[in-house]
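[1] pasting the sequence and the predicted model now:
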Amino acid sequence: MECAALDFKALLRLANLLADETGVERVGRTELFEAWSDPVPQPVVKRRGGAWLWADRFYAAVCRPGGKVEYVYLTRTHIEEEIQGYAALRRRRPDAPALPEEIRRQFRSAMRRMHMRGTDIWLAEAYREAATFTRA
């Protein structure tokens, strides 16, 4: 089954815009392509000081120094995988942490917007010009 996602060039533009904003190292084309094209993508992770950037085919998020994790690009695929992953972990280890409430809130908000627009992709308003929606 095909999953909705940003195309590679759009994700690269978005990731490097976020890198520039947060002061982390820019994401290399080959590095991101490997993460983007992997059937089970692992995110490219960049960190400098207290700033973080995560990006793969199905999401992009940042954490600015002293801040919270902020998703700027989400897909239904990523949200479902995260929710299922936390639930599976809690079934194996009841004392495992739950999905953080702030992240749960961001997921609910993105899912509402996806539902309203009839899409499986959400991109924060401020970053829409940096990316286009396509099928991966």
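    Thanks, I have it. Numbering: from 1, shown residues only.
[2] the strands in the chain, which residues?
    Listed in chain order, the strands of the chain (DSSP state E) span residues 4-6, 44-48, 51-56, 59-63, 69-75, 121-123, 133-135.
[3] what helices and strands are in contact with the fourth one?
    Counting contacts by 3 or more C-beta pairs under 8 Å, 6 or more residues apart in numbering; DSSP states H and E, strand 59-63 is packed against helix 8-22, strand 51-56, strand 69-75. C-betas here are computed from N, CA, C, even on glycine.
[4] what helices or strands is the longest one leaning on?
    Applying 3+ C-beta pairs under 8 Å, 6+ apart, we find helix 8-22 packed against helix 29-37, strand 44-48, strand 51-56, strand 59-63, strand 69-75.
[5] identify all contacting residues around that helix.
    Outside helix 8-22, the residues within contact range by C-beta atoms under 8 Å, 6 or more residues apart in numbering are 5-6, 25-27, 29, 32-33, 36-37, 44, 46, 48, 51-53, 55, 57, 60, 62, 64, 72-73, 123, 127, 130-134.
[6] mark which of the residues you listed are buried, thanks.
    The neighbour count (16 or more other C-beta atoms under 10 Å) marks 5-6, 26-27, 32, 36, 44, 46, 51-53, 55, 57, 60, 62, 64, 72-73, 123, 127, 130-131 as buried among the contacts of helix 8-22.
[7] where does pLDDT dip in the chain?
    For the chain, the stretches with pLDDT under 70 are 1-2, 131-136.
[8] quick one, what contacts the spatially most central residue of it?
    Central residue of the chain (C-alpha atoms, centre = their mean): Y59, 2.0 Å from the mean position. By C-beta under 8 Å, 6+ apart, Y59 lies in contact with 43, 71, 73-75, 78.
[9] switch to 7 Å and redo it
    When contacts are counted by C-beta atoms under 7 Å, 6 or more residues apart in numbering, Y59 touches 71, 73-75, 78.
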